[in-house]
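>>> how does the following fold in three dimensions:
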Amino acid sequence: MTAEEIIRDVSKSGTRKVKVAITDIDGVLRGKYIHLDKFLSASQGRFGFCNVVFGWDAADVTYDNCKYTGWHTGYPDAPVQLDLQTYRKIPWDNNTPFFLGDFVDENNEPLSICPRNLLKKVVDRAKSMGYQSKCGVELEFFNFAETPESLHHKKFRDLDPLTPGMFGYSILRSTYDQPYFSTLMDELEAFHVPLEGLHTETGPGVFEAGIYVADALEAGDRAVLFKTAVKEIAYRFDIIPTFMARWNTELPGCSGHIHQSLWDQSGERNVFYAENDPHKMSDTFRHYLAGLMHCLPDILPMMAPNINSYKRLVEGFWAPTTVTWGVDNRTASFRVIPGSMKSTRVETRVGGSDINAYLA
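Sure thing, here's the model as predicted:
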C-alpha cells in the first residue's frame, strides 16, 4: 500500500485512536494511543516522544552514566517519524491501527541511538554491496499460570508453570493448551507476525515459536512485535509468558536463534548456496561465517545484553559456550544448514530470547 492508501484506510476504519510504538535500547516496545487527528498530522511529519526511553532500563530505572539523556538534559522530547509501511491492525484490540516509529534529529536524520535505525543502516550498507539479507527468528518462552497480581504477591518466586515436567515437541501438551496455542497462531498471523511453527520445548510450560523468514528489517520488527503480542494475548488466558534468557538455573534457558542468508538484489538467488559444494556453502557463505566467528567476542553484548543472559550460556543446557561452527550441529555457536537454493543458511545460536532483535 502507498502512504496515501494507508492514511485513507486508517481514516475510514471507524476508529478514533491509533496505537504507535518505538523500541527502546532493550528491545522493549514503548508506545501510546494517539487520537486519529494527531495521527493524521504526525503521518505528514513527526511528533514528540520522551527520550527517557534511551535513558532507563526495562524496569524504568534510570542510568547514571548516559550522555544522550538524563537529569543533565531534562529528559526532553525527541522527534519521531512514523514508518507507515509498518501498518498493522491489532486483532485483540478491536483492530486498532498500529504503527512503529523511528527517532530522528532536528534535521530529520535518523538518530543513531535508535536500535531500529541502526539495523536500517546495516541493511542499506548491505544493499550498497549488492546484497539483501533475509532472516528468520526463533524465540523460546516459558508460560506461567499466573497474573500480574499473583506475580507480585509471590514476589516472582514459586510460580506455577502452565504445564509441569519436561516434554519437548509434545502433541499432548499442545492439545491440552489448544485454545491458547490456536489463538497465538491465528491472531499473530492476523497481526502480520506469521509463525512457521509453534511447539512445546523441553521444560515446564515452555514454547518455541519460529517466525516466518522476511527481509532483515521486517524480521526485526516481527521479533519485537511478537514478544509484546504474546504477552497481550496471554493475559486473556490468565497466563504470564517470560522471555528471560534463564529464569531457573535448574532448567535450560530460552534461546533467541536467528537464521540468516544473503541474496542478490533481485531476491532470486541465495548467494550462500553452492550446488557442488559438499555442504552447499559458497565462498561468500564461508567468508560471512568467518566474519561472524571473528567478531563474536566483540559483539557478544549485542547477543547477550543482560546479566541474566550469561546464566544461559553454560555447558549442559543446550547453549553454546565456544566460538564454533558445525554442519547441522545444534551444539555449536553457528549452525550451518545445507539445503536448497531457498533454504541454505546459517543459524546463530548464541542469543537468548532476551535479545533486542534489531541489534542481534
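>>> contacts for stretch 170-190?
Here stretch 170-190 makes contact (Cβ atoms under 8 Å, 6 or more residues apart in numbering) with 89, 91-92, 143, 162-163, 167, 194-195, 198-200, 209, 226, 229-230, 233-234, 236-237, 239. Every C-beta, even on glycine, is put in place using the N, C-alpha and C of the backbone.
>>> whoops, stretch 332-349 was the one
255, 257-261, 269-270, 272-273, 275, 279-281, 285, 288-289, 292-293, 296, 303, 319-320, 322-330, 350, 360.
>>> ditto for stretch 192-202
Residues lying outside stretch 192-202 but in contact with it, judged by Cβ under 8 Å, 6+ apart, are 88, 136, 140, 163, 166-170, 173-174, 181, 184-185, 188-189, 206-213, 222, 225-226, 229, 252, 318.
>>> among the contacts of stretch 332-349, the buried ones, what's the PyMOL command?
This is the PyMOL syntax for the buried subset of these, where burial follows 16 or more other Cβ atoms under 10 Å:
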select buried, resi 255+257+258+259+260+261+270+272+273+280+281+285+288+289+292+296+303+319+320+323+325+329+350+360
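>>> thinking Thr86 is in contact with Leu100, fair?
Yes: under the criterion of Cβ atoms under 8 Å, Thr86 makes contact with Leu100 at 4.1 Å.
>>> identify the contacts common to those two.
The contact sets of Thr86 and Leu100 overlap at Asp221 (Cβ under 8 Å, 6+ apart).
>>> for this protein, which segments are assigned as strands?
Using DSSP state E, the strands of the chain run over 17-23, 29-35, 47-50, 77-90, 96-103, 131-144, 195-200, 206-211, 214-215, 240-242, 256-264, 325-327, 334-337, 345-348.
>>> possible to save the ones you listed as CSV with distance to Leu313 and mean pLDDT?
Below are those laid out as CSV (distance: least, Cβ to Cβ, whole Å; pLDDT from 0 to 100):
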stretch, distance to Leu313, mean pLDDT
strand 17-23, 24, 98
strand 29-35, 26, 98
strand 47-50, 34, 96
strand 77-90, 32, 98
strand 96-103, 30, 98
strand 131-144, 14, 98
strand 195-200, 23, 98
strand 206-211, 18, 98
strand 214-215, 27, 98
strand 240-242, 18, 98
strand 256-264, 12, 99
strand 325-327, 16, 98
strand 334-337, 14, 99
strand 345-348, 13, 99
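>>> can you lay out those strands as JSON lines showing distance to Ile7?
Formatted as JSON lines, those follow (distance: least, Cβ to Cβ, whole Å):
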{"stretch": "strand 17-23", "distance to Ile7": "11"}
{"stretch": "strand 29-35", "distance to Ile7": "14"}
{"stretch": "strand 47-50", "distance to Ile7": "15"}
{"stretch": "strand 77-90", "distance to Ile7": "7"}
{"stretch": "strand 96-103", "distance to Ile7": "10"}
{"stretch": "strand 131-144", "distance to Ile7": "28"}
{"stretch": "strand 195-200", "distance to Ile7": "29"}
{"stretch": "strand 206-211", "distance to Ile7": "28"}
{"stretch": "strand 214-215", "distance to Ile7": "24"}
{"stretch": "strand 240-242", "distance to Ile7": "34"}
{"stretch": "strand 256-264", "distance to Ile7": "32"}
{"stretch": "strand 325-327", "distance to Ile7": "47"}
{"stretch": "strand 334-337", "distance to Ile7": "41"}
{"stretch": "strand 345-348", "distance to Ile7": "37"}
